[in-house]
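Q: Sequence and predicted structure are below.
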Amino acid sequence: MKSVRFLSYAVALLLGAQSFAFANTNDGAEKLKKYINDIVQKVEETEDADEKRTILNESFDKMVTVLDKVEKMHRFSEEEKNQVAALKKIISERQDELNGENGFARVQNSQLNNYANFVQQNMEQAQNYITISAGLAVVIVLLLLLL
């Protein structure tokens, strides 16, 4: 009788954990989208071009720092680390473009709002071909919130 009850609890716990992991996948991706959307809103609400550029640069720096930390974690597979590296490359290229580095033309001050929106769309499109696991998405979001 005890083993049947234990088995029932174990199955319920396993199913509950699976549902929790699936929910976290959506939550992680949605929170990442919200983080980027918040950056875009800050840029659009700011009048000064230097402040807009600073907001974008600090956000890019923060995301690259988080992705560097994730790459060094041993709990993720090589495939997941490759996905993180691809995402980090996209973010670094967007920052290079913002600042006119590494062969990119610098984004003009008058175009910073449009550029912030472009980055948001670019990151959302990147999610179509860069697959981030549930655990990885949660870790990225948590680190972004902590920094």
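A: Arrived safely.
Q: Please make it C-alpha for all contacts and neighbour counts, starting now.
A: Noted.
Q: So I39 versus F76, what's the distance?
A: Per Cα to Cα, to the nearest Å, I39 is found 28 Å from F76.
Q: quick one: which of these two has more around it?
A: Between I39 and F76, counted using other Cα atoms under 10 Å, the more crowded position is I39 (20 against 15).
Q: Need the CA coordinates for the strand or helix carrying F60. CSV is fine.
A: Per DSSP states H and E: F60 is located in helix 49-72. Provided in CSV are the C-alpha atoms of helix 49-72 (Å, rounded to 0.1, in the frame of the first residue of the first chain):
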residue,chain,number,x,y,z
ALA,A,49,20.6,61.2,-28.0
ASP,A,50,23.6,60.6,-25.8
GLU,A,51,21.4,59.1,-23.1
LYS,A,52,19.6,56.9,-25.6
ARG,A,53,23.0,55.6,-26.8
THR,A,54,24.1,55.1,-23.2
ILE,A,55,20.9,53.1,-22.4
LEU,A,56,21.5,50.9,-25.5
ASN,A,57,25.2,50.4,-24.8
GLU,A,58,24.6,49.5,-21.1
SER,A,59,21.9,47.0,-22.1
PHE,A,60,24.1,45.4,-24.7
ASP,A,61,27.0,45.2,-22.2
LYS,A,62,24.6,43.7,-19.6
MET,A,63,23.4,41.0,-22.0
VAL,A,64,26.9,40.1,-23.2
THR,A,65,28.1,39.9,-19.6
VAL,A,66,25.2,37.5,-18.8
LEU,A,67,25.8,35.4,-21.9
ASP,A,68,29.6,35.2,-21.0
LYS,A,69,28.6,33.9,-17.5
VAL,A,70,26.2,31.3,-19.1
GLU,A,71,28.9,30.1,-21.5
LYS,A,72,31.2,29.4,-18.5
